[in-house]
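build me a model from this:
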Amino acid sequence: MKNGTQKGKIIVAISVVMLLAALILWNISSENQQAEEDTPADTVSIYMDNVDSQQSTDLLEQMILPKDNANEVILQSAKDFLKAYYTIRGAYTPWQHFEDYREYLSEQGKQNLAIPPDSNEEVVSLESGIHAITSFVSEVSEDIARTVSFLQLESKVNTSLPTKACYMVVLDLRYIDGKWMVDNMPINQLMDETDLSTLFQ
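Residues are numbered from 1 along each chain as shown. Predicted structure coming up:
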(Lines give C-alpha, C1' and ligand atoms only; values in the text may rest on other atoms or scores of the structure.)
Protein backbone atom coordinates (compact mmCIF):
# COMPACT_ATOMS: atom_id res chain seq x y z
CA MET A 1 0.00 0.00 0.00
CA LYS A 2 2.81 2.31 0.90
CA ASN A 3 4.43 1.55 -2.46
CA GLY A 4 1.21 2.47 -4.31
CA THR A 5 0.96 5.77 -2.45
CA GLN A 6 4.52 6.64 -3.38
CA LYS A 7 3.84 5.90 -7.05
CA GLY A 8 0.77 8.12 -6.90
CA LYS A 9 2.83 10.99 -5.53
CA ILE A 10 5.39 10.57 -8.29
CA ILE A 11 2.66 10.64 -10.95
CA VAL A 12 1.17 13.81 -9.43
CA ALA A 13 4.61 15.47 -9.30
CA ILE A 14 5.31 14.58 -12.94
CA SER A 15 1.89 15.93 -13.95
CA VAL A 16 2.56 19.24 -12.16
CA VAL A 17 5.98 19.58 -13.84
CA MET A 18 4.48 18.89 -17.27
CA LEU A 19 1.72 21.44 -16.66
CA LEU A 20 4.24 24.10 -15.62
CA ALA A 21 6.38 23.34 -18.70
CA ALA A 22 3.34 23.70 -20.95
CA LEU A 23 2.42 27.05 -19.35
CA ILE A 24 5.99 28.37 -19.79
CA LEU A 25 6.09 27.34 -23.47
CA TRP A 26 2.69 28.94 -24.10
CA ASN A 27 3.86 32.19 -22.46
CA ILE A 28 7.07 32.30 -24.55
CA SER A 29 5.06 31.68 -27.73
CA SER A 30 2.65 34.51 -26.87
CA GLU A 31 5.51 36.95 -26.23
CA ASN A 32 7.18 36.08 -29.55
CA GLN A 33 3.92 36.57 -31.42
CA GLN A 34 3.37 39.96 -29.76
CA ALA A 35 6.94 41.04 -30.60
CA GLU A 36 6.33 40.16 -34.26
CA GLU A 37 3.07 42.12 -34.27
CA ASP A 38 4.49 45.30 -32.72
CA THR A 39 5.97 46.72 -35.94
CA PRO A 40 6.58 50.35 -36.94
CA ALA A 41 3.51 50.01 -39.15
CA ASP A 42 1.40 49.37 -36.05
CA THR A 43 2.91 52.44 -34.42
CA VAL A 44 1.90 54.54 -37.41
CA SER A 45 -1.61 53.04 -37.48
CA ILE A 46 -2.11 53.76 -33.78
CA TYR A 47 -0.86 57.32 -34.27
CA MET A 48 -3.09 57.91 -37.28
CA ASP A 49 -6.18 56.97 -35.24
CA ASN A 50 -5.70 60.36 -33.55
CA VAL A 51 -5.01 62.47 -36.65
CA ASP A 52 -7.72 65.01 -37.44
CA SER A 53 -7.11 65.14 -41.20
CA GLN A 54 -9.51 62.72 -42.94
CA GLN A 55 -7.33 62.81 -46.05
CA SER A 56 -4.28 61.64 -44.11
CA THR A 57 -6.25 58.96 -42.27
CA ASP A 58 -7.78 57.53 -45.45
CA LEU A 59 -4.36 57.47 -47.10
CA LEU A 60 -2.57 55.71 -44.26
CA GLU A 61 -5.24 53.04 -43.83
CA GLN A 62 -3.90 51.53 -47.06
CA MET A 63 -0.35 52.76 -46.71
CA ILE A 64 2.16 50.50 -45.00
CA LEU A 65 3.87 47.60 -46.79
CA PRO A 66 6.53 45.37 -45.19
CA LYS A 67 10.12 46.30 -45.97
CA ASP A 68 12.18 44.14 -48.33
CA ASN A 69 15.32 44.66 -50.41
CA ALA A 70 13.43 46.17 -53.36
CA ASN A 71 11.60 48.58 -51.10
CA GLU A 72 14.87 49.65 -49.48
CA VAL A 73 16.04 51.03 -52.84
CA ILE A 74 12.81 53.01 -53.17
CA LEU A 75 13.11 54.33 -49.62
CA GLN A 76 16.71 55.40 -50.19
CA SER A 77 15.70 57.34 -53.32
CA ALA A 78 12.92 59.06 -51.36
CA LYS A 79 15.28 59.92 -48.49
CA ASP A 80 17.93 61.29 -50.87
CA PHE A 81 15.34 63.62 -52.39
CA LEU A 82 13.97 64.70 -48.99
CA LYS A 83 17.48 65.42 -47.68
CA ALA A 84 18.21 67.63 -50.68
CA TYR A 85 14.78 69.27 -50.52
CA TYR A 86 14.93 70.16 -46.83
CA THR A 87 18.64 70.91 -46.43
CA ILE A 88 19.35 74.63 -46.76
CA ARG A 89 22.53 76.37 -45.68
CA GLY A 90 22.67 80.17 -45.59
CA ALA A 91 21.31 82.71 -48.05
CA TYR A 92 19.54 81.30 -51.09
CA THR A 93 16.88 82.01 -53.68
CA PRO A 94 14.14 79.47 -54.41
CA TRP A 95 15.64 78.87 -57.86
CA GLN A 96 19.06 78.15 -56.39
CA HIS A 97 17.50 75.72 -53.96
CA PHE A 98 15.55 74.03 -56.75
CA GLU A 99 18.89 73.15 -58.36
CA ASP A 100 19.84 71.21 -55.20
CA TYR A 101 17.05 68.67 -55.62
CA ARG A 102 16.06 68.75 -59.30
CA GLU A 103 18.40 65.82 -60.07
CA TYR A 104 16.02 63.57 -58.08
CA LEU A 105 12.97 64.67 -60.13
CA SER A 106 11.48 63.09 -63.23
CA GLU A 107 10.30 65.38 -66.02
CA GLN A 108 6.84 65.16 -64.50
CA GLY A 109 8.31 65.99 -61.11
CA LYS A 110 10.04 69.08 -62.46
CA GLN A 111 6.65 70.32 -63.67
CA ASN A 112 4.79 69.43 -60.46
CA LEU A 113 7.44 70.95 -58.18
CA ALA A 114 8.37 73.85 -60.42
CA ILE A 115 9.38 77.15 -58.83
CA PRO A 116 7.19 80.13 -59.81
CA PRO A 117 9.13 82.60 -62.01
CA ASP A 118 8.62 85.49 -59.55
CA SER A 119 10.19 83.51 -56.69
CA ASN A 120 13.74 84.36 -57.73
CA GLU A 121 13.84 87.85 -56.24
CA GLU A 122 13.76 87.25 -52.48
CA VAL A 123 16.88 86.01 -50.73
CA VAL A 124 16.36 84.32 -47.38
CA SER A 125 18.98 83.51 -44.76
CA LEU A 126 17.85 80.13 -43.53
CA GLU A 127 19.46 76.99 -42.20
CA SER A 128 17.35 73.86 -42.29
CA GLY A 129 17.90 70.10 -42.25
CA ILE A 130 16.37 66.76 -41.34
CA HIS A 131 17.01 65.86 -37.71
CA ALA A 132 15.26 62.45 -37.90
CA ILE A 133 13.26 60.51 -40.48
CA THR A 134 11.06 57.40 -40.58
CA SER A 135 9.90 56.22 -44.00
CA PHE A 136 7.65 53.48 -45.39
CA VAL A 137 6.67 52.22 -48.84
CA SER A 138 2.90 52.35 -49.23
CA GLU A 139 2.34 51.26 -52.83
CA VAL A 140 4.65 49.69 -55.37
CA SER A 141 4.38 48.18 -58.85
CA GLU A 142 6.95 47.49 -61.54
CA ASP A 143 7.67 51.17 -62.23
CA ILE A 144 5.51 53.24 -59.82
CA ALA A 145 5.83 53.59 -56.05
CA ARG A 146 4.50 55.75 -53.23
CA THR A 147 6.29 56.44 -49.95
CA VAL A 148 5.25 58.13 -46.72
CA SER A 149 7.85 59.76 -44.49
CA PHE A 150 7.64 61.33 -41.07
CA LEU A 151 10.30 64.02 -40.71
CA GLN A 152 11.61 65.95 -37.75
CA LEU A 153 13.10 69.14 -39.18
CA GLU A 154 15.41 71.57 -37.43
CA SER A 155 15.62 75.10 -38.81
CA LYS A 156 16.98 78.52 -37.95
CA VAL A 157 16.24 81.88 -39.59
CA ASN A 158 18.99 84.51 -39.41
CA THR A 159 20.23 84.61 -35.79
CA SER A 160 17.15 83.06 -34.16
CA LEU A 161 17.34 79.96 -32.00
CA PRO A 162 16.85 76.61 -33.79
CA THR A 163 13.31 75.23 -33.82
CA LYS A 164 11.97 71.77 -34.62
CA ALA A 165 8.87 70.83 -36.57
CA CYS A 166 7.40 67.55 -37.78
CA TYR A 167 5.98 66.86 -41.22
CA MET A 168 4.31 63.98 -42.97
CA VAL A 169 5.44 63.86 -46.59
CA VAL A 170 4.04 61.58 -49.30
CA LEU A 171 6.05 61.08 -52.50
CA ASP A 172 5.10 59.48 -55.81
CA LEU A 173 8.09 57.92 -57.56
CA ARG A 174 8.63 56.41 -61.00
CA TYR A 175 11.33 53.95 -62.15
CA ILE A 176 13.18 55.60 -65.05
CA ASP A 177 16.46 54.40 -66.60
CA GLY A 178 17.44 52.34 -63.59
CA LYS A 179 16.55 54.95 -60.96
CA TRP A 180 13.54 55.84 -58.84
CA MET A 181 12.70 59.49 -59.58
CA VAL A 182 10.20 61.71 -57.78
CA ASP A 183 7.07 62.46 -59.81
CA ASN A 184 5.11 64.42 -57.23
CA MET A 185 4.72 65.40 -53.58
CA PRO A 186 0.94 65.16 -53.04
CA ILE A 187 1.13 65.69 -49.26
CA ASN A 188 3.54 67.86 -47.28
CA GLN A 189 1.70 68.39 -44.00
CA LEU A 190 2.79 69.90 -40.69
CA MET A 191 2.10 67.52 -37.80
CA ASP A 192 2.01 67.73 -34.02
CA GLU A 193 5.50 66.84 -32.76
CA THR A 194 4.21 65.31 -29.53
CA ASP A 195 2.05 62.83 -31.44
CA LEU A 196 5.07 61.69 -33.48
CA SER A 197 7.44 61.28 -30.53
CA THR A 198 7.38 57.45 -30.67
CA LEU A 199 8.71 57.52 -34.24
CA PHE A 200 11.82 59.49 -33.29
CA GLN A 201 13.04 57.63 -30.19
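
roughly how far does Ala165 sit from Asp143?
Counting by Cβ to Cβ, to the nearest Å, the separation of Ala165 from Asp143 is 33 Å. (Glycine included, C-beta is placed from N, CA and C.)

so these two - more neighbours on which side?
More neighbours surround Ala165 than the other of Ala165 and Asp143, with 15 against 10 (other Cβ atoms under 10 Å).

any idea of the pLDDT on the nearest residue to the more buried one once chain neighbours are set aside?
In space, and not counting its chain neighbours, Ala165 is closest to Leu153: 5.2 Å by Cβ to Cβ, 6 or more residues apart in numbering. At Leu153, the model reports a pLDDT of 92.

for Val124, which residues are in contact?
Val124 is in contact with Ala91, Tyr92, Val157, counting by Cβ atoms under 8 Å, 6 or more residues apart in numbering.

so which bits of the strand ranked longest in the chain are buried?
Under DSSP state E, the strand in the chain containing the largest number of residues is strand 124-140. Of all the residues in strand 124-140, those buried under the rule 16 or more other Cβ atoms under 10 Å are Leu126, Ser128, Ile130, His131, Ile133, Thr134, Ser135, Phe136, Val137, Ser138, Val140.

okay, buried residues for the next helix or strand after it please.
Next along the chain after strand 124-140, taking DSSP states H and E as the criterion, comes strand 144-157. For strand 144-157, the neighbour count (16+ other Cβ under 10 Å) marks Ala145, Arg146, Thr147, Val148, Ser149, Phe150, Leu151, Gln152, Leu153, Ser155 as buried.

same check, this time on stretch 162-179
Taking 16+ other Cβ under 10 Å as the basis for neighbour counts, the residues of stretch 162-179 that come out buried are Cys166, Tyr167, Met168, Val169, Val170, Leu171, Asp172, Leu173, Arg174, Tyr175.

do stretch 105-112 as well
Along stretch 105-112, the positions that meet the burial threshold by neighbour count (16+ other Cβ under 10 Å) are Leu105, Ser106, Gly109.

among the buried residues of stretch 162-179, which one sits closest to Ser77?
Leu173 (6.3 Å; Cβ to Cβ).
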